[in-house]
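Engineer: Predicted model and sequence below, questions to follow.
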Amino acid sequence: MSIKDNLEKIKSSLPSHVTLVAVSKTKPLSDIMEAYNAGQRVFGENKIQDMAEKYEALPKDIEWHMIGHVQRNKVKYMAPFVSLIHGVDNFKLLEEIDKQAKKNKRIIDCLLQIKIAEEDSKFGMTLDEALEILKSGIFSQLKNIRVTGVMGMATFIDDDTQITNEFNVLKSAFEELKKIEAPNFQPKTISMGMSGDYPLAIACGSNMVRIGSSIFGERNQH
């Protein structure tokens with residue numbers, strides 16, 4: 001199947017309220033253009049340098065999402081163009097994004113990454129840490145970021161019950177956080193679900209899925 005066929009198959013299975021982020025990390029420009037020509041406009045990368053190079057080379061109506069772990073010293077490279085940063089897992093990172101967004105006269109949308117998996121390797125904050133950030137006066141003073149929801153990654157496991165439980169944890173965290181009022185907090189997005197588990201994620205309330213290998217084929221290692 002071609003990238004176009006894969007995309008059309010996945011899009012036809014997604015409810016209309018669910019945003020598809022095509023995970024293009026490690027993929028060549030030609031693959032991304034094939035997806036673009038098939039109508040896809042939202043792409044996710046996990047390395048800032050790669051994303052910046054692709055941004056330079058590709059059409060400017062693409063929405064670039066940073067879906068990987070973010071190092072603070074690299075935020076400046078994506079601040080001019082990034083549409084959404086999924087993996088914000090601490091307050092210092094929010095401050096840095098705010099600072100770089102201000103330099104670029106932009107407001108950058110962010111998702112708080114909540115740790116829902118049992119694996120130690122997954123990044124993220126606890127619900128309590130997220131509540132503490134959103135309730136703090138210092139958060140409300142960040143004028144150049146907007147937190148628009150949450151992101152989480154389930155454990156990499158073939159156990160639908162455990163995965164469903166983890167997705168439900170993220171959904172209930174979102175509902176809890178939604179009660180907080182702050183000028184730069186506009187909760188609407190629950191980003192969870194990848195190629196292997198996105199139907200489960202959508203059933204648990206996800207409205208943004210990150211799909212790579214089901215669109216582009218197995219990832220190229222580099």
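Structural biologist: Done, it's in.
Engineer: On the three-state scheme, residue 4 is what?
Structural biologist: Recorded secondary structure, residue 4: helix (DSSP: H, G, I helix; E, B strand; the rest coil).
Engineer: Pull the contacting residues for it.
Structural biologist: Taking CB atoms under 8 Å, 6 or more residues apart in numbering, we find residue 4 in contact with 34-35, 37-38. From N, CA and C alone the C-beta is placed, and that goes for glycine too.
Engineer: okay if I get the residues you listed as JSON lines plus secondary structure and pLDDT?
Structural biologist: JSON lines is the format used below for these (DSSP: H, G, I helix; E, B strand; the rest coil; pLDDT from 0 to 100):
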{"residue": "34", "secondary structure": "helix", "pLDDT": "97"}
{"residue": "35", "secondary structure": "helix", "pLDDT": "98"}
{"residue": "37", "secondary structure": "helix", "pLDDT": "98"}
{"residue": "38", "secondary structure": "coil", "pLDDT": "97"}
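Engineer: Closest one of those residues to residue 68?
Structural biologist: Each of the contacts of residue 4 was checked against residue 68 using CB to CB; the closest is residue 35, at 18.9 Å.
Engineer: Select from the contacts of residue 4 the one having the most neighbours.
Structural biologist: residue 35 (22 neighbours; other CB atoms under 10 Å).
Engineer: hang on, isn't that residue packed against residue 24?
Structural biologist: Yes - between residue 35 and residue 24 a contact is recorded at 7.4 Å, counting by CB atoms under 8 Å.
Engineer: now residue 64: how far from residue 23?
Structural biologist: Going from residue 64 to residue 23 by CB to CB, to the nearest Å gives 12 Å.
Engineer: which residues do the two both contact?
Structural biologist: The contact lists of residue 64 and residue 23 share 43-45, where a contact means CB under 8 Å, 6+ apart.
Engineer: mind checking which helix or strand the closest residue to residue 24 other than its chain neighbours is in?
Structural biologist: Excluding the flanking residues, the one nearest residue 24 by CB to CB, 6 or more residues apart in numbering is residue 43, at 4.6 Å. Take DSSP states H and E as the rule and residue 43 turns out to sit in strand 42-45.
Engineer: other SSEs contacting the longest helix belonging to the chain?
Structural biologist: With secondary structure taken from DSSP state H, the chain has its longest helix at helix 160-177. On a contact count with 3 or more CB pairs under 8 Å, 6 or more residues apart in numbering; DSSP states H and E, helix 160-177 meets helix 127-135, strand 145-151, strand 185-191, helix 198-203.
Engineer: which intervals of the chain have sub-threshold pLDDT?
Structural biologist: 121-122, 219-222 (pLDDT under 70).
Engineer: Pick out the residue nearest the middle of it.
Structural biologist: For the chain, the residue nearest the mean C-alpha position is residue 86 (3.2 Å; CA atoms, centre = their mean).
Engineer: Which secondary structure state does that one sit in?
Structural biologist: strand.
Engineer: Please apply the same query to residue 61.
Structural biologist: coil.
Engineer: count of neighbours near it?
Structural biologist: Around residue 61 there are 7 residues (other CB under 10 Å).
Engineer: For it, give me its contacts.
Structural biologist: residue 41.
Engineer: What separation do you get for it and residue 83?
Structural biologist: Going from residue 61 to residue 83 by CB to CB gives 11 Å.
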